[in-house]
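[1] Fold the stuff below for me.
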Amino acid sequence: MTKLFHKDKPLFGLDITHSGIRAMAIDSKRLTVAGYGSIDLEPVRVKEALEVAGKSYLTDNIKLLMSEKIIGTIHSKQVAIAAPTARSFSRTFILPTSVEKRLKEAVELEAEQYIPIPIDNLYIDYQIIERHKKEIMVLISAIPKVVIDNLITSVRNAGLEPVLVEPGISSVGRILTATERGNLPSVVVDIGPANTDIAILDQGTVRVTGGLPVGGNTFTLDIAKKLHVSLENAHQLKVLSGLNAGPRQQKLTSALEPSLERILSEVKKVMRYYNERVNSERKLEQLLIVGSGSNLPGIGEYFTNGLFIAARVASPWQKLDFAHIQEPPKQFKPRYITVAGVASINPGAIWK
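    As a prediction, the model looks like this:
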């Protein structure tokens, strides 16, 4: 989490991914939504804007989103940003208490071992999340400097004031902790359009992350190829039938299974890492599926059967009040979970 500056003003959330930008303003005390909106983006141009300085693509679309696409109202100029999780690295590790005086050095050594980017090219943040008599548990989070710098520049050029940048999966963890008993040891599977991000959430903190380039769009392509139908028809089959019982269940399951099994395999790796390296005593109690790809009927049962853990599609909306503004259509609500998480941060908590 990168902290920039703070004035005693309200803020709103901005979730920037390779497929789109979502904005949302929430009263963090009452969990009331004041305004929200989204705009779709071209992944190739987003990648370029994140990696090459001077590109206006993100700035232009943030301006368009804020001026023409907001339902309700967003008055604040101060913004907390959820950065693409796929561009971040988060991990928990245990150190003896004796190294706490030289913790920065120990964190950098750990980062060098598992992050495939020179640490001079990273912004690294860390915090002690558990303290025991002989050990401390440290959470580190790192994002390439070029990504953060270009995000902040794009947001500032759009006339906004960034106050915080964090990985999107941390934002997801915050909203699930508040609404879905995320204080319990939980597996979070965030299925976006093109990527799936995986995290272990425990006591409100992301402990370890993983991911792979498989998402909701992958499911649509799998169905289109296997059943020889158009992408539009494949999408309808995905969201209406999915893995549920029906006349096409066998064909649809056959089409979807290779990609779903890839996700299951990665989830197992993350769970195994948590159990072996982070905490062998606290049993993982639930698996929460979020993201735009979570709209696949039957996916909760599929994960339950494949991982032997109670799995369900998370739905934090029962505790988010849209008050007098129009709610997003049901099929689009999952895309707003990350931005709801970053928008619900208490501004004062940033500076504790």
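[2] mind listing what A25 touches?
    10, 12-13, 33-36, 72-76, 343 (Cβ atoms under 8 Å, 6 or more residues apart in numbering). No exception for glycine: its C-beta is placed from N, CA and C like everyone else's.
[3] my bad, L41
    L41 touches 17-21, 57, 61, counting by Cβ under 8 Å, 6+ apart.
[4] So which of those is the closest to P316?
    T17 (18.4 Å; Cβ to Cβ).
[5] Just give the nearest non-adjacent residue to the closest one, would you?
    P84 (5.3 Å; Cβ to Cβ, 6 or more residues apart in numbering).
[6] Could you spell out the sheet neighbours of the strand or helix carrying L164, each with its direction?
    If you go by DSSP states H and E, L164 is part of strand 161-167. Using DSSP bridges, the strands paired with strand 161-167 in its sheet are strand 2-3 (antiparallel), strand 78-83 (parallel).
[7] now the closest residue to V208 other than its chain neighbours: how far from T209?
    Setting aside the residues directly before and after it, V208 is nearest to I200 in space (Cβ to Cβ, 6+ apart), at 5.0 Å. Distance, I200 to T209, by Cβ to Cβ, to the nearest Å: 8 Å.
[8] Touching both of those two, which residues are there?
    Common neighbours of I200 and T209 (Cβ under 8 Å, 6+ apart) are V270.
[9] on that earlier part again, filter the contacts of A25 down to the buried ones.
    Burial by neighbour count, judged by 16 or more other Cβ atoms under 10 Å, picks out 12-13, 33-36, 72, 74, 76, 343 from the contacts of A25.
[10] ok, those residues vs S90, which is closest?
    Nearest member of those to S90, counting by Cβ to Cβ, is G13, at 18.8 Å.
[11] What residues does the closest one make contact with?
    22-26, 79-82, 171, 339-345.
[12] three-state assignment of it?
    At G13, secondary structure determined by DSSP: H, G, I helix; E, B strand; the rest coil is strand.
[13] All further residue positions should be reported with the first residue as 54.
    With 54 as the first residue, the last one maps to G66.
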